[in-house]
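Engineer: Dropping a prediction and its sequence here:
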Protein chains: 4
Amino acid sequence: MPGPTTRIAHHTAEAIYVRGASLVDELIGKLTFTEMMYFQLMGERATPAQAKVLDAVLVTLMEHGITPSSIVSRLIYDSCPEAVQAAVAAGLLGVGSTFIGTMEGCAKNIEEILAAPQDAAGGVDGEAARAKAIAQRVRAAKQPIPGFGHPHHKPDDPRSPRLIAVAEEAGVPGRHIRALRLLAKEVDAAWGRHLTINATGAVAALLGEIGIPQPVMRGVAVVSRAAGLVGHIREEQVDPAARQIWDAVSSRIPYKGN
Amino acid sequence: MPGPTTRIAHHTAEAIYVRGASLVDELIGKLTFTEMMYFQLMGERATPAQAKVLDAVLVTLMEHGITPSSIVSRLIYDSCPEAVQAAVAAGLLGVGSTFIGTMEGCAKNIEEILAAPQDAAGGVDGEAARAKAIAQRVRAAKQPIPGFGHPHHKPDDPRSPRLIAVAEEAGVPGRHIRALRLLAKEVDAAWGRHLTINATGAVAALLGEIGIPQPVMRGVAVVSRAAGLVGHIREEQVDPAARQIWDAVSSRIPYKGN
Amino acid sequence: MPGPTTRIAHHTAEAIYVRGASLVDELIGKLTFTEMMYFQLMGERATPAQAKVLDAVLVTLMEHGITPSSIVSRLIYDSCPEAVQAAVAAGLLGVGSTFIGTMEGCAKNIEEILAAPQDAAGGVDGEAARAKAIAQRVRAAKQPIPGFGHPHHKPDDPRSPRLIAVAEEAGVPGRHIRALRLLAKEVDAAWGRHLTINATGAVAALLGEIGIPQPVMRGVAVVSRAAGLVGHIREEQVDPAARQIWDAVSSRIPYKGN
Amino acid sequence: MPGPTTRIAHHTAEAIYVRGASLVDELIGKLTFTEMMYFQLMGERATPAQAKVLDAVLVTLMEHGITPSSIVSRLIYDSCPEAVQAAVAAGLLGVGSTFIGTMEGCAKNIEEILAAPQDAAGGVDGEAARAKAIAQRVRAAKQPIPGFGHPHHKPDDPRSPRLIAVAEEAGVPGRHIRALRLLAKEVDAAWGRHLTINATGAVAALLGEIGIPQPVMRGVAVVSRAAGLVGHIREEQVDPAARQIWDAVSSRIPYKGN
């Protein structure tokens, strides 16, 4: 039984190779971070369209201001300033099912739609039927549908049309976006009102367009958020807030006797 | 007493702003990840040279094959596959003083050199004297000098000249690189043999060139390594190694009775 | 709308109170760690039986030798020896669904059995029927049944009868243990062979006996494992293995070209 | 060159051994958590005095109400409720140099005092001189002295005399406590006013009394705090506060334009 192998990297005394390419001769100074990330993750060079789309997704997810993740990173930084990596890691533990899980749920729904058998004419009738089935199923279960709706941005999340426009201008194949639009139409019908495609829904479609497998999509969000958290740690270094965070929370959660 | 504030992000019902720029109108589709990271972290737009240099650094640090960090991420992924963020976070906890601390140590030495008082002619005599003092001080203490030497890559780490060349071609000011070269010359003299400027040494100079403050440099490495770890998690998803990692380690650390 | 409150702790200038008891006058020197943990978690003093059972569970789960968690803690300790907390935290991220999730799955099955409506005679016929239904359902789905079976310990996991004996000698009510036994009987019948109640199965019953809610059971395992990981970190301090762990893993996962 | 070994645990098909003792026959049901933790960590059975002291320390450090660690655990739990271990791990990352480092600093000072050469009469004159030197050195550097002082508890931290009393009643050797008292006397003299021995100072002395090496003392605090954090996660499960924590922090850190 052959054991596991790695296809990612190796080195000799003279050179370092990532995915078979010389780090020094072929990658440093030639690839952007985003192109390198795609190459390292997928084992293939990103096309310009794929790099453009991945950049748009990474830019979108990086920063959301004062959030649970950034609060956590600030508190942990204050607790152990010599270990910046711990502050980032702690914040990243917040990139979990509650906030980013909807991206994965939407991606699964898109995949279910795209797995519809093609009819003879290559049409999308099967896909539309699946979109309708998904929307009705989720609605009947009285559950939220991942990738749709937003508490603040109404009627529409402004990021979603922008993300889709960037992808279409870049020239992606368009299958995942089409599936998302089919789903959006059926969601509005099933709910009897307009629900916006939100940013996580649009991101799910875009990552699908560039071939990122659904099980690793959360990892893309994690990378982007890592950069955002470093920014908060930097702000904490120059304008510390951790002690007042502690104070604000203590005031909001008073002690109540047993 | 005014409390802490944030200058990073805010939003209205219609729009999201990062560092005062509209995420939808000015950032998504217009900035690369690297430009966005610089903008979010520094509060200023990256010049083309700064973006080029930051890309080169991020590309360099992303991937090192099977390392403690990637081993950790693979094991934690196997332990809790539904929480990809935990696998990345665990691996990032390995981006600590042992492996990346040399970058910070080198950056501090560069800053010490650059803080030399300028002489009337604007020359670098004071800097050369400081470089010599640092090299001799560290050597006398029989300590390794951060940013120099490499166990495998001899006589020279191939990444360092490439990184410096990318930065110089991009047109950075060059002060930190000059200081690093002054230090390198004095290190060779103090040690009585050639020690290569290694990748962490070159990275320290490059991040200094683009204005990244030393206390947050480790965060840049963390972001880059996050992307590398996502690649290892993806490989673990399709070609699992965790159980054989466990087995290999158990075999290497036998039980020895008390 | 009233906001959240905490019932756990508060302090004055003179005293600290946990769950309403004076830390100094009523807890330090009077409670064991286990009694304090129960009190802090449950808001009620542990009976001697409850403390005895919780001790038995914590002792059982603490240490398993070279495991993914202990490998991770050793590697992260070597990467950042000044942050022992990060080494422990990283290892604890491995206390996830794969290794400890079976405890929770078994606890849910026990709860399903115990939720059977009582018949007029107060008998357990309803419980037996539920146990049978669970065993048959899981078997039909060709899934493993949580809390049963063990790769090494055959025919029986030696920890399980010991744990149950400790609990029964301590005088717990016995409902959860009875339900587990009902389930064990039906598991053997459904599988057509003997499957041992394993340690996580017995632990699930014991924690149920002492009132620990299922959603927080994993937390009990986390606390116990934290102590085990500290022991591995101490061994790493005096007999370092991290570099040889790295070497052993690198050898086991060779590079294979793309 | 012999490789690393482990002395902690091993198992056969029939039995599991920790530190050479049969888990089933000698440990489960016979040791408390605290005794097991001591045995696993130190490789020796705890004496009753050692167990008593370790219990007192673990009870003291477990719970401090709404703190950075517990805030972090609550936020991460809300972000990923299916991974309780991640919520605990994130909170533990806050058990760093800022809050627990004083324990280690005090332990180092105690060790420095105890390393004084013994005079012919076995007296403590050398120790007193070292205590004086430490106090004067720290005071001259205008630094805080670890293990002394408390912002709320004045004139004295009520936990410290209680901890020392528990240890003395248990019958510890008393060297570390004596050294701490010598230091306390010199601290008051050097500062020209009374500084209380705080809880981390007393804990440092107590852990020294029972043989816990200074480099792993932080690990003891981590274990105790893990239990405390599980209690906060449980409270979050039944009385969620995370969203209001977020809101309270957002209100306290307003956006300020660039």
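Structural biologist: The structure has been received and is ready for your questions. These figures come from a predicted structure and were not determined experimentally.
Engineer: for the helix or strand hosting residue A:244, packing partners?
Structural biologist: Here residue A:244, judged by DSSP states H and E, is contained in helix A:242-252. For helix A:242-252, the packing partners by 3 or more C-beta pairs under 8 Å, 6 or more residues apart in numbering or on different chains; DSSP states H and E come out as helix A:68-79, helix D:68-79, helix D:242-252. Yep, even glycine has a C-beta here, placed from its N, CA and C like the rest.
Engineer: could you give the mean pLDDT of the second one?
Structural biologist: This predicted structure assigns helix D:68-79 an average pLDDT of 98.
Engineer: Please name every helix or strand in contact with it.
Structural biologist: Checked by 3+ C-beta pairs under 8 Å, 6+ apart, helix D:68-79 has helix A:68-79, helix A:97-114, helix A:242-252, helix D:84-92, helix D:217-238, helix D:242-252 packed alongside it.
Engineer: Centre of the chain to the longest one, how far?
Structural biologist: In other words, helix D:217-238. 13 Å (C-alpha atoms, centre = their mean, to the nearest Å).
Engineer: Can I get that helix as PDB, trimmed to CA atoms?
Structural biologist: C-alpha atoms of helix D:217-238 as PDB (Å, rounded to 0.1, in the frame of the first residue of the first chain):
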ATOM      1  CA  MET D 217       4.000  26.800  35.700                       C
ATOM      2  CA  ARG D 218       2.000  28.700  33.100                       C
ATOM      3  CA  GLY D 219       0.600  25.300  32.000                       C
ATOM      4  CA  VAL D 220      -0.900  24.800  35.400                       C
ATOM      5  CA  ALA D 221      -2.700  28.100  35.100                       C
ATOM      6  CA  VAL D 222      -3.900  27.100  31.600                       C
ATOM      7  CA  VAL D 223      -5.500  23.900  32.900                       C
ATOM      8  CA  SER D 224      -7.300  25.700  35.600                       C
ATOM      9  CA  ARG D 225      -8.500  28.500  33.300                       C
ATOM     10  CA  ALA D 226      -9.700  25.900  30.800                       C
ATOM     11  CA  ALA D 227     -12.200  24.700  33.400                       C
ATOM     12  CA  GLY D 228     -13.300  28.300  34.000                       C
ATOM     13  CA  LEU D 229     -13.800  28.900  30.300                       C
ATOM     14  CA  VAL D 230     -16.000  25.800  30.000                       C
ATOM     15  CA  GLY D 231     -18.300  27.400  32.600                       C
ATOM     16  CA  HIS D 232     -18.600  30.500  30.600                       C
ATOM     17  CA  ILE D 233     -19.300  28.600  27.400                       C
ATOM     18  CA  ARG D 234     -22.100  26.800  29.300                       C
ATOM     19  CA  GLU D 235     -23.500  30.100  30.400                       C
ATOM     20  CA  GLU D 236     -23.300  31.300  26.800                       C
ATOM     21  CA  GLN D 237     -25.300  28.200  25.800                       C
ATOM     22  CA  VAL D 238     -28.200  29.000  28.100                       C
END
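Engineer: and the most centrally placed residue in chain A, what does it touch?
Structural biologist: In chain A, the centroid-proximal residue (C-alpha atoms, centre = their mean) is residue A:221; its distance is 3.8 Å. Residue A:221 makes contact with A:61, A:95, A:100, A:103, A:203 under the criterion C-beta atoms under 8 Å, 6 or more residues apart in numbering or on different chains.
Engineer: Tell me the spatial nearest neighbour of the second one, not counting adjacent residues.
Structural biologist: Closest residue in space to residue A:95, ignoring its immediate chain neighbours: residue B:85 at 4.4 Å, by C-beta to C-beta, 6 or more residues apart in numbering or on different chains.
Engineer: And for residue A:118?
Structural biologist: residue A:126 (6.9 Å).
Engineer: how far away is that neighbour from residue A:140?
Structural biologist: Between residue A:126 and residue A:140 the computed distance is 21 Å (C-beta to C-beta, to the nearest Å).
Engineer: Those two: which is more packed in?
Structural biologist: When residue A:126 and residue A:140 are compared for neighbours, residue A:126 comes out ahead with 15 against 9, by other C-beta atoms under 10 Å in any protein chain shown.
Engineer: Which strands and helices lie in contact with the host helix or strand of that one?
Structural biologist: Using DSSP H and E, residue A:126 falls within helix A:125-140. Counting contacts by 3+ C-beta pairs under 8 Å, 6+ apart, helix A:125-140 packs against helix A:97-114, helix A:175-191.
Engineer: Quick one, which of those helices gets closest to chain B.
Structural biologist: Chain B sits nearest to helix A:97-114 of all the helices and strands packed on helix A:125-140, at 7.6 Å, using C-beta to the nearest C-beta.
Engineer: how about the closest one, does it reach chain C?
Structural biologist: No - using C-beta under 8 Å from any C-beta of the partner chain, helix A:97-114 stays clear of chain C, with a minimum separation of 12.5 Å.
Engineer: same question, stretch A:18-34
Structural biologist: Yes - for stretch A:18-34, a contact with chain C is found by C-beta under 8 Å from any C-beta, at A:19, A:20.
Engineer: Please identify the buried residues of that stretch?
Structural biologist: A:18, A:19, A:21, A:23, A:24, A:27, A:28, A:29, A:31, A:32, A:33, A:34 (16 or more other C-beta atoms under 10 Å in any protein chain shown).
Engineer: returning to what we had before: what about the residue nearest to residue A:95, neighbour count?
Structural biologist: 29.
Engineer: Go ahead and confirm it touches residue A:92.
Structural biologist: Yes - when contacts are counted by C-beta atoms under 8 Å, residue B:85 is listed as touching residue A:92 (5.3 Å).
Engineer: Overlap of the contact sets of those two?
Structural biologist: Counting by C-beta under 8 Å, 6+ apart, the residues touching both residue B:85 and residue A:92 are residue A:222.
Engineer: quick one: contacts of stretch A:155-170?
Structural biologist: Contacts of stretch A:155-170 (C-beta under 8 Å, 6+ apart): A:48-49, A:52-53, A:56-57, A:60, A:150, A:174, A:177, A:194, A:196-199, A:201-203, A:205-206, A:209, B:14-16, B:23-24, B:28-29.
Engineer: of the residues you listed, list those near chain D.
Structural biologist: Among the contacts of stretch A:155-170, chain D is touched by none when using C-beta under 8 Å from any C-beta.
Engineer: Where does pLDDT dip in the stretch 151-258 of chain A?
Structural biologist: A:258 (pLDDT under 70).
Engineer: wait, what's in contact with residue A:23?
Structural biologist: Counted by C-beta under 8 Å, 6+ apart, residue A:23 has contacts A:15, A:16, A:17, B:59, B:60, B:159.
Engineer: Out of those residues, which end up buried?
Structural biologist: Of the contacts of residue A:23, these count as buried by 16+ other C-beta under 10 Å: A:16, A:17, B:59, B:60, B:159.
Engineer: Looking at these, which is nearest residue B:215?
Structural biologist: residue B:60 (20.6 Å; C-beta to C-beta).
Engineer: How confident was the prediction at the closest one?
Structural biologist: Model confidence at residue B:60 (pLDDT) stands at 98.
Engineer: Contacts only, for it.
Structural biologist: By C-beta under 8 Å, 6+ apart, the neighbours of residue B:60 are A:23, A:28, B:159, B:163, B:199, B:203, B:224.
Engineer: Relative to residue B:232, how far out is residue A:231?
Structural biologist: 25 Å.
Engineer: Same check on residue A:141?
Structural biologist: 36 Å.
Engineer: So between these two, which is more surrounded?
Structural biologist: Higher neighbour count among residue A:141 and residue B:232: residue B:232, with 30 against 9, using other C-beta under 10 Å.
Engineer: Make TSV from the helices and strands packed on helix A:125-140 and add distance to chain B to it.
Structural biologist: Shown next, in TSV, are those (distance: least, C-beta to the nearest C-beta, whole Å):
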stretch	distance to chain B
helix A:97-114	8
helix A:175-191	15
